[in-house]
Structure formats: structure tokens, C-alpha cells
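Visitor: Need a 3D model of the following:
(one chain, ligands or ions: 1)
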Amino acid sequence: MEEKVRQIREQAIKVIHESQSLASLDEARIRYLGKKSALLELLKSLGTLPSEERPKIGSLVNEAKEAIEQALRSRKIVLMGIEQKQRIAAEKIDVTLPGKGIRRGSSHPLTQVMAEAKDIFLRLGFEIAEGPEIETEYYNFDGLNILPHHPSRDMWSTFFIKDDVLLRTHTSPVQIRVMEKHKPPLAIIAPGRVYRCDSDATHSPVFHQLEGFLVDNKVTFGDLKGVLTDFLRQMFGQEKPVRFRPSYFPFTEPSAEVDVACVLCNGKGCRLCKETGWLEILGSGMIDPNVFKAVGYDAEKVSGFAFGMGIDRIAMLKYGIDNIRLLYENDLRFLEQF
Ligand code: DAH
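Guide: Here you go, the predicted structure:
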């Protein structure tokens, strides 16, 4: 009996020392200490032994059990160390490998120019207003002193949705909407999308304008010149020559178009400026008394100026883009340059 206990103990400890994984160690534990193990069978059969032998064999079995448990614990620590080393080796990251590289986006050139223009006017004290892109004939035309059947309506090739409802052809209707609701003094810019039935290298059926107007008592043409000159110098460069040229718009009187010296030849004359040396950038003028009448202002008491510019055109001039379609095709090879 004693011999048998000794054999089991030696064999168990050998198997434990030789086991190579935590899983096989667990198998060994079940085999030598589990419910069906030889040691447990021995303990159960103690009753069949002569009573004087029982204590001796009993304590031998218990010693063997403790020795096996001790062997299991120390082998477990060794195996856990080995498995951890293997895991670390398998999960190793080579930090010297080149990275995958994240493609960084950039804002669209139109977004950039629009933001720059807005910033300049916000610093000058203007506030931003918005209006709907689907407009009524009244706000787009009549309220702005562009009367039905007047030839000036042809200045805007309009997309009509139905009688009376159209896609706004300019941002000027926001003037009427704001003045109807608010009393002067007002200094407002209205950026937004506009639509015209027009399409070639420099015209897109959808494009962007920035409208602006300022109304108070005693606003003069000098104020208009001061604000717009300052804007254009911030936009195109402090030294840029700027000129005001008489023009006509139904909603302003007098009206002026404003030019900057050509961005390509700086005034010498080239293909871009059609040999004139100048590029037309915006329309402007003193708000017509009929517009004030339409919004219920007293044209004797208030005065103001207004202006409107094409953001797409400014972006094309600033970045030397020769086809407006590039701004709308979302070709990454183009957009990534900004
Ligand atoms: N609405 C005009 C256009 O789309 C631009 C314009 C000209 C706006 C003169 C104005 C202005 O406010 O005073 O062609």
C-alpha cells in the first residue's frame, strides 16, 4: 500500500513537471487529484485496512496530495510565464514600420473665399442674414424696382417654377426681406446660392453671391466707396488699384460697377482682362427710393448703399481657375490643391 502511494506521488509529480501548457497541467490535476483519481480511491478504501495501519496510510496519502498540489502551483507559475512571453512575442508591433498615412481633407475653394469675404465684412460691423433660394417674383423682382415687362428683367435669365415662383437669380431679395422686418440702422450681408439659366466656361446654372447693404440717415456714396475699397484691398491685396465705373441697376441710383486691376497683368492688359487692365468684381449703388418705398421706409429720411458680388468669379480670379465647372465636379485631383 505504501509503495502504491509513493508510485502515484512520483508519477504525478513527473507528469506535472513535464506538462508543457496550462491546458495539459489542468488535465494532470484532474487525473491525480480529481474525483476519479487513484489517490481518492485509496482514501475511500482505507476502511478495508486493519485499523492500526489506517493512520499511517491516511497521512501518507495526505502528504502525497499536498506534494502534488505544491507541484501543480509551481508548474503553473512557470507555464504562465512562458505563455505570457509567447503572447508578447506574437503581439509585437514594429514601431519602425512606415505609417499608412491619413488623407487630410481641405475646405472647398468656394467655401474658403466665402469665409474670407464674410470675415472681412463681419470685422467691418456687418451682420449675416439669409433668405430662401425658392423665391417669389415679388422679392426677386418687383420689390427691387424691377417691374414686369421692363427690359431690365432680361438681365437675369430666370428659372421659373410656376407663375410667381422662381429660383432666386440673385441675393438681392434678402434686402427686401430684411428691411420689411427691421428698421434702420442696418448693416447686413447675405451670402448664398443663386440660379440662372446660363452655362459655359464662366457661368454655372448654380453659383454663389454675397449681397450687402447699409441703411441709416445720411449714408453717402463716399461711404459706399470707403467700405468697398477697403473690402477689395483686404481681398485682393492692399496695393491693388480699384476703380468705380458708372452703371445701371434697377434697385440702385446712382449705380456703379467696381473693378480691380487685373490679377494676371496688374493693369497692363492681357487675355484675362480682355486687354482693359481691369476685372469687374461687383455691382453696387445707392439704394433706389422705390426700394425704400416698397419696404415702408421714408425715402426722404433714410439713405443707404447696396452691393452684390459673385463668389465663384472671385475664387476663379484669385486661384487662376479657368473653368467654373471645376468648382462643381468634386474631382479630388482639383480640390486637393486648395
Ligand atoms: N443683384 C445684382 C446681380 O445679381 C448684383 C447687385 C448689383 C447687387 C448692385 C446689388 C447692387 O445690391 O446694388 O447682378
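
Visitor: Which parts of the lowest-mean-pLDDT helix or strand in the chain count as buried, going by neighbours?
Guide: Confidence across the helices and strands of the chain bottoms out at helix 38-44, with a mean of 84, counting by mean pLDDT, DSSP states H and E. By neighbour count with 16 or more other C-beta atoms under 10 Å, helix 38-44 contains the buried residues 39, 42. Just so you know, the C-beta spots here come from the backbone N, C-alpha and C atoms, and that holds for glycine as well.

Visitor: Convert the C-alpha atoms of it to PDB, please.
Guide: The C-alpha trace of helix 38-44 is given here as PDB (Å, rounded to 0.1, in the frame of the first residue of the first chain):
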ATOM      1  CA  ALA A  38      -6.200   6.800  -7.700                       C
ATOM      2  CA  LEU A  39      -5.400   8.700  -4.600                       C
ATOM      3  CA  LEU A  40      -9.100   9.300  -3.800                       C
ATOM      4  CA  GLU A  41      -9.900   5.700  -4.500                       C
ATOM      5  CA  LEU A  42      -7.200   4.800  -1.900                       C
ATOM      6  CA  LEU A  43      -8.600   7.100   0.700                       C
ATOM      7  CA  LYS A  44     -12.100   5.600   0.100                       C
END
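
Visitor: Can you list the neighbours in contact with it?
Guide: 1, 4-5, 8, 32-34, 57-58, 61, 64-65, 68 (C-beta atoms under 8 Å, 6 or more residues apart in numbering).

Visitor: Can you select the buried ones from those residues in PyMOL?
Guide: Buried residues among the contacts of helix 38-44 (16+ other C-beta under 10 Å), as a PyMOL selection:
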select buried, resi 5+8+32+33+57+61+64+65+68
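
Visitor: from the contacts of helix 38-44, which is closest to the ligand?
Guide: residue 34 (91.2 Å; C-beta to the nearest ligand atom).

Visitor: which bits of the stretch 101-250 of the chain sit near the ligand?
Guide: Contacts of the stretch 101-250 of the chain with the ligand, taken as C-beta under 6 Å from any ligand atom, map to 170, 172, 211, 249.

Visitor: out of those residues, who has the most neighbours?
Guide: Of all these, residue 172 has the most neighbours under the rule other C-beta atoms under 10 Å, reaching 30 neighbours.

Visitor: Spit out the contact partners of that residue.
Guide: Contacts of residue 172 (C-beta under 8 Å, 6+ apart): 140, 144, 211, 251, 306, 308.

Visitor: How about residue 165?
Guide: 134, 135, 136, 137.

Visitor: in the sheet, who's paired with it?
Guide: For residue 165, the beta-bridge partners are residue 136, residue 162 (DSSP bridges).

Visitor: Would you check how far apart it and residue 158 are?
Guide: 11 Å (C-beta to C-beta, to the nearest Å).

Visitor: In the contacts of helix 38-44, find the pair that's most separated.
Guide: 1 and 34 (21.0 Å; C-beta to C-beta).

Visitor: name the element residue 246 belongs to?
Guide: strand 242-249 (DSSP states H and E).

Visitor: any idea how far residue 82 is from residue 205?
Guide: For residue 205 relative to residue 82 (C-beta to C-beta), the value is 72 Å.

Visitor: how about the helices in this protein?
Guide: For the chain, the helices defined by DSSP state H occupy 2-18, 22-33, 38-44, 54-90, 109-123, 137-140, 173-181, 221-236, 289-294, 311-319, 332-335.

Visitor: related to what we said a few turns ago, can you say which of the contacts of residue 165 are buried?
Guide: Buried among the contacts of residue 165 by 16+ other C-beta under 10 Å: 135, 137.

Visitor: Save the contacts of residue 165 as JSON lines, and put in pLDDT too.
Guide: Below are the contacts of residue 165 laid out as JSON lines (pLDDT from 0 to 100):
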{"residue": "134", "pLDDT": "98"}
{"residue": "135", "pLDDT": "98"}
{"residue": "136", "pLDDT": "97"}
{"residue": "137", "pLDDT": "95"}
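
Visitor: If anything else comes up later, I'll come back, but that's it for now.
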